[in-house]
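Chemist: here is the input, now give the coordinates:
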Amino acid sequence: MDLINDPEEGFFLQARLQVSLPGLDLTLAQSIADRAHQLCPYSKATRGNIQVLITAL
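Modeler: Model (predicted):
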């Protein structure tokens, strides 16, 4: 979790999620992580309030 200070918009939160799905193709792993983010109740609750960057490793 990062606290960002934007000169024009002020302070806001940003989350960086690094997802590891061993044995899966990186493109497929990223697709699964992105879809999980769309379905996750916590993601739904914070959508529009917290920027999220999801990276498959």
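Chemist: helices along this protein, start to end?
Modeler: Along the chain, the stretches classed as helices by DSSP state H are 26-39, 41-46.
Chemist: would you reformat those helices as TSV and include mean neighbour count, mean pLDDT and distance to Asp6?
Modeler: The C-beta positions use only the backbone N, C-alpha and C, and glycine is treated the same way. Formatted as TSV, the helices of the chain follow (neighbours: other Cβ atoms under 10 Å; pLDDT from 0 to 100; distance: least, Cβ to Cβ, whole Å):
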stretch	mean neighbour count	mean pLDDT	distance to Asp6
helix 26-39	13	97	23
helix 41-46	11	94	18
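Chemist: got those as CSV, with distance to Ala15 columns?
Modeler: Converted to CSV, the helices of the chain look like this (distance: least, Cβ to Cβ, whole Å):
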stretch, distance to Ala15
helix 26-39, 10
helix 41-46, 8
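Chemist: ok, which of those helices comes nearest Ile4?
Modeler: Taking Cβ to Cβ, helix 41-46 is the member of the helices of the chain nearest to Ile4, at 14.7 Å.
Chemist: only alpha carbons, please: show the closest one as CSV.
Modeler: C-alpha atoms of helix 41-46 as CSV (Å, rounded to 0.1, in the frame of the first residue of the first chain):
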residue,chain,number,x,y,z
PRO,A,41,-15.5,-8.4,-2.5
TYR,A,42,-12.8,-6.2,-1.1
SER,A,43,-11.9,-4.9,-4.6
LYS,A,44,-15.5,-4.2,-5.2
ALA,A,45,-15.8,-2.2,-2.0
THR,A,46,-12.8,0.0,-2.7
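Chemist: gap between the two ends of stretch 14-30?
Modeler: One end of stretch 14-30 sits 19 Å from the other (Cα to Cα, to the nearest Å).
Chemist: what are the buried residues along that stretch?
Modeler: Neighbour counts over stretch 14-30 (16 or more other Cβ atoms under 10 Å) mark Ala29, Gln30 as buried.
Chemist: other residues contacting that stretch?
Modeler: Under the contact criterion Cβ atoms under 8 Å, 6 or more residues apart in numbering, stretch 14-30 has outside partners 1-4, 32-33, 37, 50-57.
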